[in-house]
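Enquirer: I'll drop the sequence and a predicted model, then ask my questions.
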Amino acid sequence: MRFVKGSFLLILLASFAGYIWISVFGWHRPYINWMPWELADYLVKHQRSYRECDDLIWFEIMSPTEAEQRAGCIYEYAKLTQDPSACELLLPSDYGWSCLGEISGAVFEGKPCRYSSVSDDVYCNKSFSEGELTIEHPQMENCSLYKRNDLREWCYFERTAQLKETHECNAISHPIVHDYCEYNYAIKMRDPLLCSAVKDKKRQDFCTTYVSLSVKYRGSVSTVP
């Protein structure tokens, strides 16, 4: 009889421990001392949620904190899946905006030309443009002065992004530059509904998420990642 009572008590304890485990970790084991990028890769490959990054337990000393390791996992997950909603867990920190910037770079990859406000020049790369070149102090008053189409369309984009009450995305035929133009216009106007003008579905979804998050977390400040 004593053995039966003892066994019953063990079963009760095991059941209670199992209940606590599932309440905390769900139907999986905690991820103890996993490298953030390894855990992110595991979660993506097994179609698990980025929220499981919060189940990472970190015991190492003289290393980034547990919170930093979890954030690193979310960041890597977002990069792998190009899912901007994962980045929201990191907002409003700079790390969260950097996370969105990583996705933006991937989603809009393929733009021929890019302007640098630091050096005040436009650079057209050798991979996607009509020919590699750099123009210092480029003018944007009259886009038709540029003979190359990629430079004209860059000009229309920059005018849309920088000038008030200006929208010239319809003059752009390059699909990525056009969508990037509409994306920047939506950011400038702080209106996620304007993302409907972005033609590619994946880029449109990113635009809607980013502009919504920008309005939510940055208030009156809008910055393109």
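Expert: It's in. Numbers count the residues shown, from 1 in each chain.
Enquirer: would you list every one of the helices in this protein?
Expert: Counting by DSSP state H, the chain has these helices, from start to end: 2-25, 36-45, 66-81, 84-87, 94-107, 149-162, 175-189, 201-218.
Enquirer: quick one: which of those is nearest residue 58?
Expert: helix 66-81 (4.0 Å; CB to CB). Just so you know, the C-beta spots here come from the backbone N, C-alpha and C atoms, and that holds for glycine as well.
Enquirer: how does this protein divide into domains?
Expert: 28-105, 106-218 (automatic domain parsing).
Enquirer: mean pLDDT lowest for which of the ones you listed?
Expert: The stretch with the lowest mean pLDDT among the domains of the chain is domain 28-105, at a mean of 91.
Enquirer: could you dump the helices of the chain to TSV with distance to residue 139 and mean neighbour count?
Expert: Compiled in TSV, the helices of the chain are given as follows (distance: least, CB to CB, whole Å; neighbours: other CB atoms under 10 Å):
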stretch	distance to residue 139	mean neighbour count
helix 2-25	59	10
helix 36-45	44	18
helix 66-81	37	21
helix 84-87	34	22
helix 94-107	27	18
helix 149-162	8	21
helix 175-189	18	22
helix 201-218	28	18
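Enquirer: To residue 195, which of these lies closest?
Expert: Nearest of the helices of the chain to residue 195, taken as CB to CB: helix 201-218 at 3.7 Å.
Enquirer: now the closest one and helix 94-107, what's the angle there?
Expert: 160 degrees (axes from the mean of the first three to the mean of the last three CA atoms, to 10 degrees).
Enquirer: Counting by contacts, list what helix 201-218 packs against.
Expert: helix 84-87, helix 94-107, helix 175-189 (3 or more CB pairs under 8 Å, 6 or more residues apart in numbering; DSSP states H and E).
Enquirer: Need the ones you listed in a markdown table (columns: distance to residue 169).
Expert: Formatted as a markdown table, the helices and strands packed on helix 201-218 follow (distance: least, CB to CB, whole Å):
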| stretch | distance to residue 169 |
| --- | --- |
| helix 84-87 | 21 |
| helix 94-107 | 17 |
| helix 175-189 | 4 |
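Enquirer: among those helices, which is nearest residue 128?
Expert: Among the helices and strands packed on helix 201-218, if distance is taken as CB to CB, the winner is helix 175-189, at 8.3 Å.
Enquirer: what residues are up against the closest residue to residue 200 other than its chain neighbours?
Expert: Leaving aside its chain neighbours, residue 200 sits nearest to residue 179 (5.5 Å; criterion: CB to CB, 6 or more residues apart in numbering). By CB atoms under 8 Å, 6 or more residues apart in numbering, the contact set of residue 179 is 108, 198-200, 203-204, 207.
Enquirer: Fine by me, thanks again.
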